[in-house]
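Novice: based on what follows, work out the 3D shape:
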Amino acid sequence: MRNDVFLTGVERYFDENEIIVSKTDLKGRITYCNDVFLRVAGYTEKECLGQPHSLIRHPDMPRCIFDLLWETIQSGREIFAYVKNRCKNGDHYWVHAHVTPSRDKSGTVIGYHSNRRVPDRNVLETAIMPLYRNLLAEERGHQDRKSGLRASKAMIRSLLEDHAVEYDEFIATL
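Specialist: Coordinates of the predicted model:
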């Protein structure tokens, strides 16, 4: 993750009829990004292609959510998640992401495809933001990053077990 970007605290928005699209290779390096992605994130295509998708990762995002996302898509399944992204200038924007493996004709996973839409603001403010604040506080409350990640993963797994659902189903029911 880039650490040289100042965070402005300013939220950017995009139209609910727009879709932010990006594709990555198996390592998470950007191979495609649409014009909406570029406009909202504030990058040029040249600045994005070949770069890790974490280029837009906001430090307020709990690591356990990305860990869960990668675990899911690397197992060949799709996932829906709310994500706070960082713009080139330090602004941020929220998305409701649908990330899915991309396959070749033989069914082999060759990369990942993400469509992002405008999130439900009520769900974001009443459920997601408080959850992410708690997960992030748990992660940051440990001496090292690995311990923090293990603890926040345990929190999210416990939440899912309490609701007897997978993450996607939990997100869909909010």
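Novice: CA only for contacts and neighbour counts going forward, please
Specialist: Noted.
Novice: biggest helix in this protein, by residue count?
Specialist: When the chain is parsed with DSSP state H, its longest helix is helix 145-163.
Novice: which element follows it toward the C-terminus?
Specialist: helix 167-172 (DSSP states H and E).
Novice: strands of the chain, residue ranges please.
Specialist: Under the criterion DSSP state E, the chain contains strands at 20-24, 30-33, 79-86, 92-103, 109-117.
Novice: next one: the residue lying closest to R140 once chain neighbours are set aside from G107, what distance?
Specialist: Distances taken as Cα to Cα, 6 or more residues apart in numbering put G148 closest to R140, at 6.2 Å, once the chain neighbours are dropped. Using Cα to Cα, to the nearest Å, G148 is found at 36 Å from G107.
Novice: cool, T44 as well?
Specialist: 32 Å.
Novice: which of these two has more neighbours?
Specialist: T44 (14 against 8; other Cα atoms under 10 Å).
Novice: which residue is nearest the middle of the chain?
Specialist: By Cα atoms, centre = their mean, the chain has its centre lying nearest to V83, at 4.1 Å.
Novice: contacting residues for that one?
Specialist: 61, 94-97 (Cα atoms under 8 Å, 6 or more residues apart in numbering).
Novice: in the chain, where is pLDDT below threshold?
Specialist: Applying pLDDT under 70 to the chain flags residues 1-5.
Novice: and the gap between the residue lying farthest from the centre of it and K27?
Specialist: The C-alpha centroid of the chain is most remote from S106, which lies 28.0 Å away (Cα atoms, centre = their mean). Separation of S106 from K27 (Cα to Cα) stands at 20 Å.
Novice: returning to what we had before: of all the strands of the chain, which one is nearest I56?
Specialist: Closest to I56 of the strands of the chain, according to Cα to Cα: strand 79-86, at 4.8 Å.
Novice: please identify the buried residues of the closest one?
Specialist: Judged by neighbour count using 16 or more other Cα atoms under 10 Å, the buried positions of strand 79-86 are 79-86.
Novice: same question, stretch 9-25
Specialist: Residues of stretch 9-25 classed as buried by neighbour count (16+ other Cα under 10 Å): 14, 19-25.
Novice: could you dump those residues into a markdown table and include distance to V123?
Specialist: Converted to a markdown table, the buried residues of stretch 9-25 look like this (distance: Cα to Cα, whole Å):
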| residue | distance to V123 |
| --- | --- |
| F14 | 17 |
| I19 | 19 |
| I20 | 20 |
| V21 | 22 |
| S22 | 24 |
| K23 | 26 |
| T24 | 28 |
| D25 | 31 |
